[in-house]
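S.K.: below: sequence and its predicted model.
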Amino acid sequence: MSPRLIPALVLTAGLAATAAPATAGEPLAPHEKELMNLLRQDCGSCHGMTMKGGLGPALLPATLDGVPDEVLVKIILDGVPETPMPPWHPLIEPGDAAWMVRQLKDGLK
Amino acid sequence: MTVTRLKVPILIGLLGVAALATPALTRAVDGPRGTGDLGIIVERATGRVQIVETTGRTRLAKVEGLGDLSHASAVFSRDGRYAFVFGRDGGLTKVDLLTGTIAARVVQAGNSIGGAISQDGALVAVSNYTPGGVKVFSTATLAPVVDIPAAYGSDGRLSKVVGLVDAPGQRFVFSLYDAGEIWIADMTDPKAPRITKFRHIGKLPYDALVTGDGRYYVAGLFGEDGLAMLDLWHPEAGVRRILGGYGRGEKPLPVYKMPHLEGWARAGELLFLPAVGRHEVLVVDPRTWAEVGRIAVHGQPVFAVARPDGRQVWVNFAHPLNDTVQVIDVPTLKVVHEFKPGKAVLHLEFTPRGEQVWISVRDANRVDIYDTRTFARLGSLDVDKPSGIFLAARAHRIGL
């Protein structure tokens, strides 16, 4: 992670704790834009840019609905052993992971 | 915007000379020309490819409507005119480089990862995740020819298929990710392929390559150390484990982007491989398949690609160190140049004789072109979220 991102992460970890998921039409804050880019582009490398799956499983609202947010956040932060899903905690703050989970359940609107 | 045409035909059109030119208005190029210096760049987020030429380093056309192009790749027809683009969403699109149009398109599966063209150029094969297997189509029409479901185990579950390549002898070779198998499909009778299966080759083969001479097929394993190697001159000898110490090793780092094995580089007598979960490029002697060295690099390598003359190997890196490119000098096995084109360098492609390299800088929405001798930047093209760059000279190379 580049050092200049750290203040933004801290700032937005705070924001994400209070902010409701962005709804359609509501512009994203710069840091949320970065997270959305990470979701679509980097998570999308394995899960598909439209989250319909790839080497990794689909991450569509229908596939995630029954799974509690905490479980999904834990998967993002800790990874899944014996699979290519890496632990993201060195790069992603817990608050940001929670925000990303809400976006996924909301269908990346 | 639909199809952006070359400026010259548009100007001609404005001058009213284009009466004969319904085709000219959609053409990428005006009048006869070869495709040896053409190629495509994938705009992964917009379902579009750009057709480019490497002599004047310009864009000729944009072709839309190719679907989800995350992780898209392409192969070329043997005449170099058409690109077959494999989309993530199962789309297989035949793009005419000369007219800048879609010649044919099918959505052949739910989820795909890449493909290959047969030695005789008649067949294009796609490797699919869902439903797991390989589907083969006519390159002329994209009409289906045959399905090869990747069924394995006692209950015939379907495995995701990765690492699909062409090989001499009208063969396709591919790996079953879930099953840990390598299959050879001999397509001599296209409707009835002869399949040879190699089981227990290792856990989670995630990608593979065939060496440029078409002899060795090598699959990278994610589930354990080492790689699985099959000598296609001697398939009866079976699959051999090589580089048992290579791979994720004792202290693997988290892997935020899988290396791509198609880019593995053979330079001179040596093979250069990106290490999984290490900030290293491995150097291997393909005569013995023994590791002969490790080169410390900036991050986890994704592509390690040899300049066509084999003097240099260029390396890009996984997230989050993906703003950097390093150049390894082959005779000394040292990093001799490093630069930062921008955030998210996804791919690089050399011109056929290696004087230029084209580099995708995804988050800068730019493809940069460098002189490989002086390392000077020669120019840039605006490209929306560029990923793969595929030049038509691949038409004449085994395994690409």
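M.R.: Perfect, I can see it now. Numbering: from 1, shown residues only, chains lettered A, B, ... in the order given.
S.K.: low-confidence regions, the stretch 151-300 of chain B specifically.
M.R.: B:245-251, B:263-268 (pLDDT under 70).
S.K.: can you tell me which residues in it are near chain A?
M.R.: Within the stretch 151-300 of chain B, the positions near chain A by C-beta under 8 Å from any C-beta of the partner chain are B:160, B:162, B:177, B:204, B:206, B:222-223, B:254-258. C-beta coordinates here come from the backbone N, C-alpha and C atoms, glycine included.
S.K.: ok, now with 6 Å
M.R.: Proximity of the stretch 151-300 of chain B to chain A, by C-beta under 6 Å from any C-beta of the partner chain, involves residues B:222, B:254-257.
S.K.: would you point out the most distant pair within those residues?
M.R.: The largest separation in those, counting by C-beta to C-beta, is between B:222 and B:256 at 13.4 Å.
S.K.: right, and the helix or strand after the least confident helix or strand in chain A by mean pLDDT?
M.R.: Lowest mean confidence among the helices and strands of chain A (mean pLDDT, DSSP states H and E): helix A:5-18, at a mean of 39. Reading on from helix A:5-18 to the C-terminus, the next helix or strand found by DSSP states H and E is helix A:30-37.
S.K.: next SSE after that next one?
M.R.: helix A:44-47.
S.K.: pretty sure residue A:54 contacts residue A:46?
M.R.: Yes. Counting by C-beta atoms under 6 Å, residue A:54 does reach residue A:46; the two are 5.2 Å apart.
S.K.: just want to know which of the two has more residues nearby.
M.R.: Legend: neighbour count by other C-beta atoms under 10 Å in any protein chain shown for residue A:54 and residue A:46, higher for residue A:54 (24 against 21).
S.K.: how close does that one sit to residue B:68?
M.R.: Residue A:54 is 10 Å from residue B:68, where distance means C-beta to C-beta, to the nearest Å.
S.K.: what do you get for residue B:170?
M.R.: Distance, residue B:170 to residue B:68, using C-beta to C-beta: 31 Å.
S.K.: repeat for residue B:365
M.R.: Residue B:365 sits 18 Å away from residue B:68, taking C-beta to C-beta as the criterion.
S.K.: so which bits of chain A are right by chain B?
M.R.: Residues of chain A found near chain B (C-beta under 6 Å from any C-beta) are A:1, A:42, A:44-45, A:48-50, A:53, A:84, A:86-87, A:91.
S.K.: buried residues in stretch B:108-128, which are they?
M.R.: B:108-109, B:111-119, B:121-128 (16 or more other C-beta atoms under 10 Å in any protein chain shown).
S.K.: name the spans of chain A whose pLDDT lies under the cut-off.
M.R.: A:1-26.
S.K.: the residue at the greatest distance from the centre of it is in what secondary structure piece?
M.R.: Within chain A, the residue lying farthest from the chain centre (C-alpha atoms, centre = their mean) is residue A:82, at 21.2 Å. Secondary structure assignment for residue A:82, by DSSP H and E: no helix or strand.
S.K.: what are the phi and psi angles of it?
M.R.: Per-residue torsions, residue A:82: phi 70, psi 10 (degrees, to the nearest 10).
S.K.: residues in contact with the host helix or strand of residue A:70?
M.R.: Element membership for residue A:70, per DSSP H and E: helix A:69-78. Helix A:69-78 is contacted from outside by A:87-89, A:97-98, A:101, using C-beta atoms under 6 Å, 6 or more residues apart in numbering or on different chains.
S.K.: how about it: buried residues?
M.R.: A:72-73, A:75-77.
S.K.: equivalent analysis for stretch B:298-313, please.
M.R.: Here stretch B:298-313 shows B:298-308, B:310-313 as buried, counting by 16+ other C-beta under 10 Å.
S.K.: and of those, the nearest to residue B:276?
M.R.: Using C-beta to C-beta, residue B:300 comes nearest to residue B:276 of the buried residues of stretch B:298-313, at 7.5 Å.
S.K.: contacting residues around the residue nearest to that closest one when sequence neighbours are not counted?
M.R.: Nearest non-adjacent residue to residue B:300, counting by C-beta to C-beta, 6 or more residues apart in numbering or on different chains: residue B:318, 4.2 Å away. Residues near residue B:318 by C-beta under 6 Å, 6+ apart: B:256-257, B:299-300, B:302.
S.K.: keep only those of those residues that are in strands.
M.R.: residue B:302 (DSSP state E).
S.K.: start from the N-terminal end of the stretch 251-400 of chain B and give the strands.
M.R.: For the stretch 251-400 of chain B, the strands defined by DSSP state E, counting those that start in this stretch occupy B:265-267, B:270-274, B:280-285, B:290-296, B:301-306, B:312-317, B:325-329, B:334-339, B:345-350, B:356-361, B:366-371, B:377-382, B:386-391.
S.K.: tabulate those (CSV), appending distance to residue A:61.
M.R.: Supplementary listing: the strands of the stretch 251-400 of chain B in CSV, determined by distance: least, C-beta to C-beta, whole Å:
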stretch, distance to residue A:61
strand B:265-267, 42
strand B:270-274, 35
strand B:280-285, 40
strand B:290-296, 43
strand B:301-306, 30
strand B:312-317, 33
strand B:325-329, 38
strand B:334-339, 42
strand B:345-350, 28
strand B:356-361, 31
strand B:366-371, 34
strand B:377-382, 34
strand B:386-391, 26
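S.K.: coming back round to it: so which of the buried residues of stretch B:108-128 reach chain A?
M.R.: Near chain A, judged by C-beta under 6 Å from any C-beta, the entries from the buried residues of stretch B:108-128 are residue B:111.
S.K.: for residue B:358, give its distance to chain A.
M.R.: Distance of residue B:358 to chain A, given as C-beta to the nearest C-beta, to the nearest Å: 20 Å.
S.K.: show me the beta-bridge partners of that residue.
M.R.: Beta-bridge pairing of residue B:358 under DSSP bridges involves residue B:349, residue B:369.
S.K.: do you know how far the closest residue to chain A within the stretch 51-200 of chain B is from residue B:123?
M.R.: Per C-beta to the nearest C-beta, residue B:70 is where the stretch 51-200 of chain B lies closest to chain A, at 3.7 Å. As judged by C-beta to C-beta, residue B:70 and residue B:123 stand 25 Å apart.
S.K.: swap in residue B:317?
M.R.: 35 Å.
S.K.: same question for residue B:178.
M.R.: Distance from residue B:178 to residue B:123, counting by C-beta to C-beta: 25 Å.
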